[in-house]
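Undergrad: Next comes the sequence, and after it the predicted model I'd like to discuss.
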Amino acid sequence: MGEPKVDGPALDAAKEDVRLMLACRAGDDVAFGALFRRWSSPLLRYLERMVGDAAAAEELVQETFLRVHRARERYSPDARFSTWLYTIANHLALNELRRPHRHREHRSADGDDADREPLALAGDSPRAEEAIDTRRLGSAVEQALSQLPERQRAALWLTAVEGLSYAEAASTLETTEKSVKALVHRARSALADNLHSGA
Amino acid sequence: MTTAREACLSFDEDLSALRDGELESERAAEVEAHVEGCEHCRARLATFAAVDANLRGLAAPRVCADLESRVLARVAGERTASAQRTAAEEGGGEGRRAGRESPAGRGRAPRRPGRSFAVAVALATAAAALVVYLGLVRSPGPLEPEDTVAQRPVPQVPSSAVRDSEGLAAHPADLDALSDEDLSVAIDLETLEDLEVITNLEILEELGASGGKDRG
């Protein structure tokens, strides 16, 4: 536990990201555009799951890349570009979720919810129907995912879908690997229970 | 005695970590050995795999066609704004440097080279002419009370620096009626700070006046 899960094509892709980001740091806007095209889709997918709103997620993608560009001179290729990108995106997503006037589509999870009891999933929650944009969310798993505490949701998505290691996810979520391990397991267990109940 | 269910619970969290390849090799071997003989944990691992497959299979949102151009436009806008700020700061820096060299230059664009010097020379020449005029030609007017003189604004401006609409030097008594701002405008200086340039000329005037009296 602890080593990034990067090998083969993923390693080549990570190296290309670093090359592009270093070029961007040197002032190459073409490289910045290439990074955008490589990462905008997975980033949008992640942010949509985090904030539950397509338009807000798109705005956050823009804002994330603007932050990347503003911080380009401080970029250091010590870690994968994706870890850095998701760290910025996660901050923005959490800020978006905490905006006071925002309709709270998702369960709040102030602090580290790794030690909390697993949440009731869609179907158990009286707010489930209003909380989910049924026009966009097609599957029971997606519904269940949207009902998870945000840190559980983020940890599971980053590791199971985006392929971050626990160490990278811990860096992104600013917590410990042990906490990420617990977050991922709780999230996965909750979704597994939901799959079973829906079967 | 540990029941089979309790044993499963002790492995449960590590099932996820096993699936994610995040267990140390020794612990991974333990968990794998348990799973091999435990139908419940095998089923649970299979469900975890199904969850992950479902998540990965969720439709990826389509990125709006113009999103990249919007981001690049905002980046370009920020770069332009940053360049303008930098240029303004550099301009301000030069102005401040000029201000250190000439008190009149503080906070403004650099002035034309030699302008301050030319003004000073002109003022000095005019001051010298006035000294000669006051000392040798013109008789002094009625003296003002001491307290009135004491209330005059400081620094005083040599009368030679101010000219009326016909270009003639104003009488020193008239100068006291003018505000500092009027004085500044009248002598075509950009701010009151320019008055500092000519303050020292008073010394020349006083020296000249005393010399004239000596001669008178």
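TA: Yes, it's here.

Undergrad: Pull the contacting residues for residue A:90.
TA: By C-beta atoms under 8 Å, 6 or more residues apart in numbering or on different chains, the contact list for residue A:90 reads A:50, A:154, A:172-173. Heads up, the C-betas are built off the backbone N, CA and C, glycines and all.

Undergrad: Now the buried members of the residues you listed.
TA: A:50, A:154, A:172-173 (16 or more other C-beta atoms under 10 Å in any protein chain shown).

Undergrad: Adding secondary structure, distance to residue B:87 and pLDDT, write these out as CSV.
TA: Putting the buried ones among the contacts of residue A:90 into CSV (DSSP: H, G, I helix; E, B strand; the rest coil; distance: C-beta to C-beta, whole Å; pLDDT from 0 to 100) gives the following:
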residue, secondary structure, distance to residue B:87, pLDDT
A:50, helix, 40, 94
A:154, helix, 42, 96
A:172, helix, 38, 95
A:173, helix, 41, 96
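
Undergrad: helix or strand for residue A:84, which one?
TA: Using DSSP states H and E, residue A:84 falls within helix A:81-98.

Undergrad: Can you list the buried residues in that helix?
TA: So, applying 16+ other C-beta under 10 Å, buried residues of helix A:81-98: A:81-90, A:92-94, A:96-97.

Undergrad: which parts of chain B sit against chain A?
TA: B:12-13, B:15-17, B:20-24, B:44, B:47-48, B:50-52, B:54-56, B:58-61, B:63-64, B:67-68, B:70-72, B:74-75, B:78 (C-beta under 8 Å from any C-beta of the partner chain).

Undergrad: Let me know how buried residue 10 is, in neighbour terms.
TA: Just going to use chain A. 14 (other C-beta atoms under 10 Å in any protein chain shown).

Undergrad: Chain B is the one I meant
TA: Residue B:10 has 11 nearby residues by other C-beta under 10 Å.

Undergrad: what helix or strand is it on?
TA: helix B:4-19.

Undergrad: next helix or strand past that helix?
TA: Assigned by DSSP H and E, the successor of helix B:4-19 is helix B:25-36.

Undergrad: now what about that following helix, what contacts it?
TA: B:7-8, B:11, B:14-15, B:18, B:23, B:41-42, B:45.

Undergrad: Filter those down to the buried ones and hand me the ChimeraX line.
TA: Entered in ChimeraX, the line below selects the buried ones among the contacts of helix B:25-36, by 16+ other C-beta under 10 Å:
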select /B:8,11,14,15,18,23,41,45
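
Undergrad: Where does pLDDT dip in chain B?
TA: B:1-4, B:92-216 (pLDDT under 70).

Undergrad: Of the contacts of helix B:25-36, just say which sits nearest to residue A:186.
TA: Among the contacts of helix B:25-36, residue B:15 lies closest to residue A:186 (C-beta to C-beta), at 12.4 Å.

Undergrad: who's in contact with the helix holding residue B:10?
TA: A:1, A:166, A:181-182, A:184-185, A:188-189, B:2, B:23, B:27-28, B:31-32, B:34-35, B:38, B:40-41, B:44-45, B:48-49, B:52.

Undergrad: Which helix or strand in chain A has the lowest average pLDDT?
TA: helix A:128-131 (a mean of 40; mean pLDDT, DSSP states H and E).

Undergrad: right, and the helix or strand after that helix?
TA: Assigned by DSSP H and E, the successor of helix A:128-131 is helix A:140-146.

Undergrad: which residues does residue A:161 contact?
TA: Taking C-beta under 8 Å, 6+ apart, one finds A:45-46, B:52, B:55-56 in contact with residue A:161.

Undergrad: Do any residues in the helix or strand harbouring residue A:49 lie close to chain B?
TA: Applying DSSP H and E as the criterion places residue A:49 in helix A:29-51. Yes - contact of helix A:29-51 with chain B (C-beta under 8 Å from any C-beta) involves A:29, A:32-33, A:36-37, A:40-42, A:44-45, A:48.

Undergrad: Out of those, which end up buried?
TA: Taking 16+ other C-beta under 10 Å as the criterion, what is buried in these is A:32-33, A:36, A:40, A:42, A:44-45, A:48.

Undergrad: got those as a markdown table, with pLDDT columns?
TA: Compiled in a markdown table, these are given as follows (pLDDT from 0 to 100):
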| residue | pLDDT |
| --- | --- |
| A:32 | 95 |
| A:33 | 95 |
| A:36 | 96 |
| A:40 | 95 |
| A:42 | 94 |
| A:44 | 95 |
| A:45 | 94 |
| A:48 | 93 |
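
Undergrad: Could you single out the nearest of the buried residues of helix A:81-98 to residue A:69?
TA: Closest to residue A:69, out of all of those and judged by C-beta to C-beta, is residue A:88, at 10.8 Å.

Undergrad: That closest one against residue A:69, yeah?
TA: No - with contact defined as C-beta atoms under 8 Å, residue A:88 does not reach residue A:69; the gap is 10.8 Å.

Undergrad: ok, back up a step: the helix holding residue B:10 versus helix B:25-36: what angle between them?
TA: 130 degrees (axes from the mean of the first three to the mean of the last three C-alpha atoms, to 10 degrees).

Undergrad: circling back: between the contacts of residue A:161, identify the one with the most neighbours.
TA: Going by other C-beta under 10 Å, residue A:46 tops these with 27 neighbours.

Undergrad: Not counting sequence-adjacent ones, nearest residue to that residue?
TA: residue A:157 (5.9 Å; C-beta to C-beta, 6 or more residues apart in numbering or on different chains).

Undergrad: Now do the same contact list for that neighbour.
TA: Contacts of residue A:157 by C-beta under 8 Å, 6+ apart are A:46, A:49-50, A:145, B:55.

Undergrad: what do you get for residue A:18?
TA: So residue A:18 contacts A:77, A:80-81 (C-beta under 8 Å, 6+ apart).

Undergrad: what about it, which helix or strand?
TA: Judged by DSSP H and E, residue A:18 forms part of helix A:9-25.

Undergrad: Give the buried residues for that helix.
TA: Buried, per 16+ other C-beta under 10 Å, within helix A:9-25: A:14, A:17-18, A:20-25.
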